[in-house]
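> Starting from these lines, generate the structure:
(one chain, ligands or ions: 1)
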Amino acid sequence: MKHLKEQDPEVYQVLENETRRQNDGMELIASENFVTRAVIQAMGSTLTNKYAEGLPGKRYYGGCHHVDVVEDVARNRAKALFNAEWANVQPHSGATANAAVYLTFLKPGDTLLGLDLSHGGHLTHGSPVNFSGITYDARFYGVEKETGRLDMNVIRDKAREIRPRMISIGASAYPRDFDYEAFRSIADEVGAFLWMDMAHTAGLIAARLLNDPLPHAHVVSTTTHKTLRGPRGGMLLIGKDSENTLGKVAPKSGRVKMWSELLDSAVFPGTQGGPLMHVIASKAVALGEALKDDFTEYQKKVVANSKAMAARFLEMDYHLVSGGTDNHLMLIDLRNKNITGKQAEEALGRADLTVNKNMVPFDTQSPFVTSGIRIGSPAMTTRGMGEDVFRRIAELMDQVITNPESDTVIEKVRGEVHQLCEQYPLYDFVIA
Ligand SMILES: Cc1ncc(COP(=O)(O)O)c(C=O)c1O
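Residues are numbered from 1 along each chain as shown. Sure, this is the predicted structure:
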């Protein structure tokens, strides 16, 4: 068989260009990271050929004895990493993991209480343009205007008034930690299920640098490709499994099913067909990496770099939502800098500083324009950059944000960005 470069130069060229873009620029999108060669190798393997509907030992296809092994490795590593009794590593993405949560805990029309998208929540937490908002009666809590933080008393009052069937926690752009104990007490008081979507912070939670949702939430979902630094994908976890309270029983025995059994069925056949076995193998590799001590050291640096960068921005009179960060990301409200999120994203992009425009709480701009940008430290920390470099990146960003029309400034910053990136090499291959 031919090498891709020979067989399809058109596609190979795109891969080469994208690898160069990743090597040469500053990747500051909070939801992105750089995986290891081993993680990429498992993904680009023959396991992509295998159909394996079902679970290890209970498949609907023959020839699954090898992929069974790798799925068990992935599940066991996930359980060990998060101290969980149950894991399902099949969700194709964060969104499909969340779909399985909805299918398990809610009926169409049931009420959900989640974090507002414009306050840092995710589309799958009830946005009207997403299946979650279309299928369920989605209501929202938000951060307080003065503090940019969640106020658990306000959320409790809202839950008492709405009496949701499920409360979701988790965010795409919230720079602070969550009080899971308080959330659980609210959920118990109003008779709601509690679901944590730790897509963004899974790596930090695995390293025990943030509060642990597993002992408190009925179910936890995550992506595997953000701070966790694995392949693109999703995963579901339960801290302590128990019998479901929905009255669902096993047809033959009449035994009450465990929550884990309902969630397994909600993934397949509920919301997915065949699992992506090459991605599951890759998840196993990434979870193996996350179980090593140096992963904790990496996550500590992610937070230290994020805090150092946030402090430098504050010194330069930037407004950070909530006044700083506890995690891997910060949200900058650019309104005092006389530039929109869209303009800042474009100007920074021209200097090879990649960020995304982001709504800030109580934003006056549309989601296509926005007043803010979101910045994250996971990817450049993976390259080995430390606090000094992150402070310098903040200064370079400031130069661009305050001179968005100046080609001279942008060219100069771009030059320094490339120089810095050269000092912290990334990929020396296109195909792993
Ligand atoms: C909190 C949260 N949940 C779910 C998702 C969805 O993940 P995916 O893009 O893999 O569907 C994201 C992605 O950004 C997220 O931030």
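> Which stretches in the stretch 151-300 of the chain count as helices?
Per DSSP state H, counting those that start in this stretch, the stretch 151-300 of the chain carries helices over the ranges 152-162, 180-190, 202-206, 259-265, 277-290, 293-315.
> who in the stretch 51-200 of the chain is up against the ligand?
Within the stretch 51-200 of the chain, the positions near the ligand by CB under 6 Å from any ligand atom are 93-95, 98, 122, 124, 170-172, 197, 199-200. Every C-beta, even on glycine, is put in place using the N, C-alpha and C of the backbone.
> mind giving me the domain split of this protein?
41-290, 293-423 (automatic domain parsing).
> Please report how far the closest residue to residue 429 other than its chain neighbours lies from residue 290.
Nearest non-adjacent residue to residue 429, counting by CB to CB, 6 or more residues apart in numbering: residue 37, 7.1 Å away. Distance of residue 37 to residue 290, computed by CB to CB, to the nearest Å: 16 Å.
> These two - which one has more neighbours?
Using other CB atoms under 10 Å as the criterion, residue 37 and residue 290 rank with residue 290 on top: 25 against 12.
> doesn't residue 227 make contact with that one?
No - with contact defined as CB atoms under 8 Å, residue 290 does not reach residue 227; the gap is 9.7 Å.
> Now list whatever residues contact both of these two.
Contact with both residue 290 and residue 227 is made by residues residue 203, according to CB atoms under 8 Å, 6 or more residues apart in numbering.
> Who are the contact partners of residue 76?
Residues near residue 76 by CB under 8 Å, 6+ apart: none.
> Report the secondary structure element holding it.
helix 65-82 (DSSP states H and E).
> residues of that helix that come out buried?
67-68, 70-71, 73-75, 77-79, 81-82 (16 or more other CB atoms under 10 Å).
> Let me see the contact set for residue 170.
115, 121-122, 125, 178, 195-200, 221.
> Which one of those is nearest to residue 148?
Residue 148 lies nearest to residue 115 out of these, by CB to CB, at 12.8 Å.
> Who are the contact partners of the nearest residue to that closest one once chain neighbours are set aside?
With sequence-adjacent residues excluded and distances taken as CB to CB, 6+ apart, residue 115 is closest to residue 121, at 3.5 Å. Counting by CB under 8 Å, 6+ apart, residue 121 touches 114-115, 127, 140, 170-172.
> Please tell me how far residue 344 sits from residue 115.
For residue 344 relative to residue 115 (CB to CB), the value is 24 Å.
> for the one helix or strand residue 401 maps to, packing partners?
Using DSSP H and E, residue 401 falls within helix 387-402. Packing partners of helix 387-402 (3 or more CB pairs under 8 Å, 6 or more residues apart in numbering; DSSP states H and E): helix 293-315, helix 341-350, strand 353-354, helix 378-382, helix 407-423.
> if we go to 10 Å?
Here helix 387-402 touches strand 26-27, helix 293-315, strand 329-333, helix 341-350, strand 353-354, strand 372-376, helix 378-382, helix 407-423, going by 3 or more CB pairs under 10 Å, 6 or more residues apart in numbering; DSSP states H and E.
> Let me know which of those is tucked in deepest.
strand 372-376 (a mean of 28; mean count of other CB atoms under 10 Å).
> For that one, which strands pair with it and how are they oriented?
strand 329-333 (antiparallel), strand 356-358 (antiparallel) (DSSP bridges).
> Same list (those strands) but as a markdown table, adding mean pLDDT and distance to residue 144.
A markdown table is the format used below for the strands paired with strand 372-376 (pLDDT from 0 to 100; distance: least, CB to CB, whole Å):
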| stretch | mean pLDDT | distance to residue 144 |
| --- | --- | --- |
| strand 329-333 | 98 | 15 |
| strand 356-358 | 97 | 19 |
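> Can you convert those into a markdown table and add a column each for distance to residue 147?
Formatted as a markdown table, those follow (distance: least, CB to CB, whole Å):
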| stretch | distance to residue 147 |
| --- | --- |
| strand 329-333 | 13 |
| strand 356-358 | 18 |
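> Which one, of those, ends up nearest to residue 393?
strand 329-333 (12.0 Å).
> quick one, the closest one and helix 341-350 angle?
Interaxial angle, strand 329-333 versus helix 341-350 (axes from the mean of the first three to the mean of the last three CA atoms, to 10 degrees): 120 degrees.
> Would strand 329-333 count as contacting the ligand?
No - using CB under 6 Å from any ligand atom, strand 329-333 never reaches the ligand; the gap is at least 10.3 Å.
> So residue 91 is in contact with residue 234, correct?
Yes - with contact taken as CB atoms under 10 Å, residue 91 and residue 234 are classed as touching, separated by 3.2 Å.
> Now the common contact residues for the two.
Residues touching both residue 91 and residue 234 (CB atoms under 10 Å, 6 or more residues apart in numbering) are 97-100, 221-224, 267, 272, 279.
> Looking at the contacts of residue 170, which are in strands?
Among the contacts of residue 170, the ones falling in strands (DSSP state E) are 115, 195-197, 221.
> mind putting those residues in CSV, neighbour count and distance to residue 415 included?
Formatted as CSV, those follow (neighbours: other CB atoms under 10 Å; distance: CB to CB, whole Å):
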residue, neighbour count, distance to residue 415
115, 27, 40
195, 27, 47
196, 29, 43
197, 30, 40
221, 29, 42
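> who's in contact with residue 218?
Per CB under 10 Å, 6+ apart, neighbours of residue 218: 101, 104-105, 166-167, 184, 187, 192-196, 238-240, 242, 244-245, 259, 263.
> cool, residue 172 as well?
Here residue 172 is in contact with 30-31, 94, 115, 117, 120-125, 197, 199-200, 226, 329, 356, 358, 374 (criterion: CB under 10 Å, 6+ apart).
> Next: residue 236.
Residue 236 neighbours (CB under 10 Å, 6+ apart): 78, 84, 86-91, 96-98, 100-101, 104, 219-222, 260, 263-264, 266-267.
> Repeat that for residue 344.
Applying CB under 10 Å, 6+ apart, the residues near residue 344 are 332, 334, 337, 353, 355, 357, 370-373, 397, 400-401, 404.
> 6 Å - rerun?
334, 373, 401 (CB atoms under 6 Å, 6 or more residues apart in numbering).
> The ligand versus the first one, what's the distance?
It stands for residue 334. 21 Å (CB to the nearest ligand atom, to the nearest Å).
> Contact partners for that residue?
344, 371-372.
> List phi and psi for the residue in the chain that the ligand sits nearest to.
Per CB to the nearest ligand atom, residue 94 is where the chain lies closest to the ligand, at 2.4 Å. Main-chain torsions, residue 94, degrees, to the nearest 10: phi -60, psi -40.
> how many neighbours does it have?
28.
> How about residue 18?
11.
> one step back: verify the contact between the residue of the chain closest to the ligand and residue 233 for me.
No - checked against CB atoms under 6 Å, the pair residue 94 and residue 233 is beyond contact range at 8.2 Å.
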